[in-house]
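> Compute the structure for the input listed below.
(chains A and B)
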Amino acid sequence: MGNSSISNLRSAFKLKQFSRKYLSIPYGVFMVMFIILPLVILFLYAFTERKFDGSLTLNFTIANFKEVFSPTNLDMLERSFKIGIISTLACLIIGYPIALILSRSTLKHKNVIVMLFMLPMWVNFLIRTLATKAVFEAMDIKLGEFSVTFTMIYNYLPYMIMPIYNVIEKIDNCLYEGARDLGANEFTVLRKVTVPLSLPGILSGITMVFMPSITTFAIANIMSNNTYILVGDYIYSESFISFNVASAISLIILVVIGISMAIVNKYDKDGNAQGGMM
Amino acid sequence: MEDYIIQLKDLTKVYGNKTVVKNINLDIKKGEFVTILGPSGCGKTTTLRMIAGFEQPTSGQIFFDGKDIAGLPPYKRAVNTVFQKYALFPHLNVFNNVAFGLKLKKVEQTLKDKNGQDYTKLVNLKNSLVDQIIYDKDRKPTGETKKVKYKSAYEYREVQSKKFVKVNLYKEYLEKAKAQGLTNIKPENTLVDQVIYNSDHTSSGKTKKVEYKDAYAYRAEVTKKVKKIKLYKEFIDKKVKNALKMVGLSDYEDRNVNSLSGGQQQRVAIARAIINEPKILLLDEPLGALDLKMRQEMQLELKEMHKKLGITFIYVTHDQEEALTMSDTIIVMRDGKIMQKGSPMEIYNEPVNSYVADFIGEANIFDGVMLKDKLVKFCGVEVECVDTGFGKHEPIEVVIRPEDWIVKKPGQGSFDGVINSSMFRGVHYEASCTCNGYEFIIHSTKEYKVGQAVSLSVDPFDIQIMKIEVRTNIVPVTFKSENTFDLYGDVYEFDPIKFFGTDYNPDDYVNKEGTVSFSFDDVDMEDDEWNAPLSANVESMIYKGKNYFVTLRTDNNKHIFANTEYLWDDGDRIGIKIQPYAFNFEGFVTPEEVKKLLKDKYEIKDECVIKEVIDK
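Numbers count the residues shown, from 1 in each chain, chains lettered A, B, ... in the order given. This next block holds a predicted model:
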């Protein structure tokens, strides 16, 4: 009698332990279906021979990568990364002072100004880009590298401002006072307190701008009348011709972004980049 | 005069329409441990922040060592602060938190100019004291290293610059110029040389040719070399370790500040503040966030530290026990003004008013009357005292500390009464005794039973007599009709015969402004602020044996005083009703008249109180 009640208890306990684990099953299924499986498929497509109906074969080849590394494609890749880096840096240079000024200002209606910066994000991305194009055309500015870069910066600036603003706003005012008390002038306070403490925000800002600006599609296409092709648009058009080549190039970008994010996150010692992607 | 490190002159701070600090005058001696004591909102922290430089005074001056420092930013003041919230930098470890100020320090250095004249200059610590010896990069062609002593990086740099001037190419240039008959020779630093030979010789003895554009580029290069010197690091290291030792945190250098306990964080904050050897250390309720045991330990340590460092401490707290334990001088503040300044003993034994008496320690406070010199009447009994110089029948307040009561058998003392409560408080018993309807608090090592009849007396020396600051409420009014006036926006009725006699004529006073008074007892406090004409906050309460004396601050920022039987809390919102026909007419207002009235009739000396009444 005693024995059975103990085993009953035990099984009840086990069940209880299991029941908690069961809660994670939906997430596990989700991850397998939408993260791991697509990656496997991507991987398979990238390393297998091309079939004209787009279906998967299992014949190993690296021909897809050879095609990716053709001179014109290398140019395009280089261009994409160049644009990505330039727009990220530009967003940082423009966005940081804005975030700093906004978070430190004592304006009554600060939130309204913050919202104004966010407002373009509420407009549909395509409509916004087409509108930008219309403005460029109206002003008779040649569409090309400049217009593409400008639109990237314009589109992604809020993603840089927001995380930095949030981090700086949380810095306790007494830290600034402490630094000033210890002999720091305003510039030193900025250099030694504000910037280091806002590093998590900067890093997530960089992540949130750099990744989409490399792979974005439609912006380059629209803003250059398809004369200035970036990798996002290339993958899009290639996907109609060969899934295998598109997969190969996606895989390369995946690796390159992975490496660059690893480098960026190395600077974030505490690993507490808020909203960071990696 | 030179003894004072800080002098505040008529210091005032106004935020919006609220005056937080009112005309403070204060001298603090070198090496003193001064505590500014007061409840929250009394202006003590604002005063401290003005000394630190975080706030600019609205008017008045702050003298530091005799020099006016108002307007000087915090980083230029030889003052450091320990903050209540520690304000440690979360991105730096303990070592770097402590070293923060040291690395930014600027020091005066005596240098020699071109003509060999001494001059002083403020230079970064990094560039100044740095290194007693640095190795000269000059090597002889043989490859030998020459060891040269320099006092500082600046000296090193200067010698290098001079050497540079001596570079042959410059001379050659001069000669060429002369030979060509050029007269306008450019100044040394710019002209110089497109190419100069670097003094660094390779060990083989060959001369390395390095190009510098001009003297400035060369000097910049030299500077870089100097910065790499190790001795600066060693200096910082030694200093930081000393400071951490001082606060008892050796071996904590590499710890993350967030991993420390509250007490340890506070110690780091103190180490960080003292590392630059400030002349004054400001402490803004530094122990407020610690638990009792830790607080008591830190109190002793701070006192110890003050002795060791020998600098002035200005300590802000609302904890009277902390103030009494640590300070040489206590400054009691209330409502932006200094109430009393004195040693802990003086403050405790001779409080200047009931507010100070109530705030510091426990006290029996009663209203009383000075019958004549050395004779006072309170709670219905005439008692001998030692105070003289009061007017005849002048109303005063009496303070008797609970431990000063002498408990005797019934009939043998001055106040006969019955014990109505008794509590054991650790070191003593706290008993309350009712005599003539007044409640007396007694601290005694003996226990008295509830219901026991006793008689209390007090040594004349233990009776502290205090002048009364305000005796009645005085407010400005505007007469609206024959029997009404407007008081702070509400209409009250009054008795014209009481005000102006039987032959009053409304034409004489309607639409005129005047001043009326009403006694503390005629003010009723209501729970429901919406039901009363005036709303106010309870600012402070003092128990006077029978009733509470309450200071109220109305929404238009005026003081009204009241006597009440009920206990309220500081900050409570209440409504004020003034009993009809309680008013006395004091005169038609002209500021001078009221001033005179207040001064003569009510003997108010505090200019601020007068100003508050006059300013509508």
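> quick check, stretch B:3-12 touching chain A?
No. Remark: stretch B:3-12 sits outside contact range of chain A, by Cβ under 8 Å from any Cβ of the partner chain, the gap being at least 15.9 Å. Just so you know, the C-beta spots here come from the backbone N, C-alpha and C atoms, and that holds for glycine as well.
> Send over that stretch as PDB, restricted to the C-alpha atoms.
Extracted in PDB, the C-alpha atoms of stretch B:3-12 (Å, rounded to 0.1, in the frame of the first residue of the first chain):
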ATOM      1  CA  ASP B   3      39.700  79.800   8.400                       C
ATOM      2  CA  TYR B   4      36.500  79.400   6.400                       C
ATOM      3  CA  ILE B   5      36.600  77.000   3.500                       C
ATOM      4  CA  ILE B   6      33.000  77.700   2.400                       C
ATOM      5  CA  GLN B   7      31.000  80.800   3.000                       C
ATOM      6  CA  LEU B   8      27.400  81.200   1.700                       C
ATOM      7  CA  LYS B   9      26.200  84.800   1.400                       C
ATOM      8  CA  ASP B  10      22.400  85.400   1.000                       C
ATOM      9  CA  LEU B  11      22.100  82.200  -1.000                       C
ATOM     10  CA  THR B  12      18.700  81.900  -2.600                       C
END
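> for the record, mean pLDDT for that stretch?
If you average the pLDDT over stretch B:3-12, you get 90.
> what do you get for stretch B:239-259?
Mean predicted lDDT for stretch B:239-259 stands at 90.
> End to end on it, go ahead and measure it.
Using Cα to Cα, to the nearest Å, the end-to-end distance of stretch B:239-259 comes to 23 Å.
> before we move on, what about stretch B:453-464?
26 Å.
> tell me which residues of it are tucked away?
B:454-458, B:462-464 (16 or more other Cβ atoms under 10 Å in any protein chain shown).
> Can you tell me which of those residues end up in strands?
With DSSP state E as the criterion, strands contain B:454-458, B:464 from among these.
> ok so, going back, among the buried residues of stretch B:453-464, which one sits closest to chain A?
B:Gln464 (40.2 Å; Cβ to the nearest Cβ).
> any idea how far the closest one is from B:Ile441?
15 Å (Cβ to Cβ, to the nearest Å).
> I'd like the buried residues of stretch B:453-464 laid out as TSV, including distance to chain A.
Output for the buried residues of stretch B:453-464, formatted as TSV (distance: Cβ to the nearest Cβ, whole Å):
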residue	distance to chain A
B:Val454	53
B:Ser455	56
B:Leu456	50
B:Ser457	53
B:Val458	48
B:Asp462	45
B:Ile463	46
B:Gln464	40
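> Farthest-apart pair in those, please.
Spanning the widest gap among those are B:Val454 and B:Gln464, at 22.4 Å by Cβ to Cβ.
> Tell me where the model's unsure across chain B.
Applying pLDDT under 70 to chain B picks out residues B:1-2, B:109-116, B:123, B:126-177, B:180-231, B:590-592, B:595, B:597-616.
> Would you mind naming what in it lies close to chain A?
B:52-54, B:73-75, B:79-81, B:83, B:85, B:87-91, B:100-101, B:104-106, B:272-273, B:276.
> List only buried entries from those residues.
Using 16+ other Cβ under 10 Å, the buried members of the residues of chain B next to chain A are B:52-54, B:74-75, B:79-81, B:83, B:85, B:87-89, B:91, B:100-101, B:104-106, B:272-273, B:276.
> Which parts of the stretch 401-550 of chain B are helices?
Under the criterion DSSP state H, counting those that start in this stretch, helices of the stretch 401-550 of chain B are mapped to B:496-500, B:506-509.
> among the ones you listed, which is nearest B:Asp254?
Minimum separation from B:Asp254 across the helices of the stretch 401-550 of chain B (Cβ to Cβ) falls at helix B:496-500, 78.5 Å.
> Which elements pack onto the closest one?
Under the contact definition 3 or more Cβ pairs under 8 Å, 6 or more residues apart in numbering or on different chains; DSSP states H and E, helix B:496-500 sits against helix B:506-509, strand B:584-588.
> Out of those, which is the most enclosed?
Highest mean neighbour count among the helices and strands packed on helix B:496-500 (mean count of other Cβ atoms under 10 Å in any protein chain shown): strand B:584-588, with a mean of 16.
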